[in-house]
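*Asks:* Take this sequence and fold it.
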Amino acid sequence: MKIARVILSKSTVVAIVASAALIAFNTLSYDIESEQLASFNEWYPKAASVLDDENAESASKSKIQVTITVDGGLSSSSWSFPSRSLADADDREKTSRVLQLLKEAKVFGIPQSKGKKDSQMKITVTDDQGSFSTTIDGSAVQDNIQLQNLLKLLEVYAATPQQPVNPAQL
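*Replies:* Numbers count the residues shown, from 1 in each chain. Predicted coordinates for the structure are as follows:
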C-alpha cells in the first residue's frame, strides 16, 4: 500500500511528467548552430572576398565550386557554379549570390535528411580550404523562404542565356 501511495503521489507524477517533457524537448530540438554551419560561417567571408574581388586573375586561382541538385521524385534538376570559370565576372557574381543565399538560409544548420525521400535538395560547396555537404528534405525547403528564393534564382539563371542574343541573328 505504501508503494502505491509513493508512485501516485503528486510530486512523483510531476517529476515523471517533467522528465518526459525534458526528454521530448531534447530529442525534438536540434543544435542552434551545428559544427558544419559554424565552419561554413567561418569560411564564407574569405570566399566572399575572393568572389567580390575585381581582379579576375586572383579569382580564377580559387577552386570554389557549388553544386545544387533537386530531386523531386520524377524530375531532377542540377546546377553548378561557376558554370565556366571564376575568371568570368558573371560567373563570380552568380556564384557569390548563390553562396550568399546558402549562408542566409543556414543550410548547413538544417537537420540532414534521413534516407531517400520523395523530394530532396542536395547542396555541396567545395574549395581548397573546406568542403560542406548536406541533403535537405523537400518539406524543410518549403518551410525556408531563403531556400525558396534560391530555387527561384536558379530557375532564372537556367532560363537566362549564357551569351547576349543578337536580334539580327534570329
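
*Asks:* what ranges do the helices span in the chain?
*Replies:* Here the chain has its helices, by DSSP state H, at 2-8, 10-28, 35-52, 56-60, 89-105, 138-142, 145-159.

*Asks:* So Arg97 is in contact with Leu153, correct?
*Replies:* Yes: proximity of Arg97 to Leu153 meets the contact threshold set by C-beta atoms under 8 Å, at 6.7 Å. In short, each C-beta sits where N, CA and C put it, glycine included.

*Asks:* residues near Pro111, how many?
*Replies:* Pro111: 12 surrounding residues under other C-beta atoms under 10 Å.

*Asks:* Same question for Gln65.
*Replies:* Residues near Gln65, counting by other C-beta under 10 Å: 15.

*Asks:* Which one, of the helices of the chain, ends up nearest to Met121?
*Replies:* Smallest distance to Met121 across those (C-beta to C-beta): 5.4 Å, for helix 138-142.

*Asks:* Take that closest one, keep the C-alpha atoms, and write them as CSV.
*Replies:* In CSV, the C-alpha atoms belonging to helix 138-142 read as follows (Å, rounded to 0.1, in the frame of the first residue of the first chain):
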residue,chain,number,x,y,z
GLY,A,138,11.6,18.9,-49.5
SER,A,139,9.4,19.8,-46.6
ALA,A,140,12.2,21.8,-45.0
VAL,A,141,12.8,23.6,-48.3
GLN,A,142,9.1,24.6,-48.3
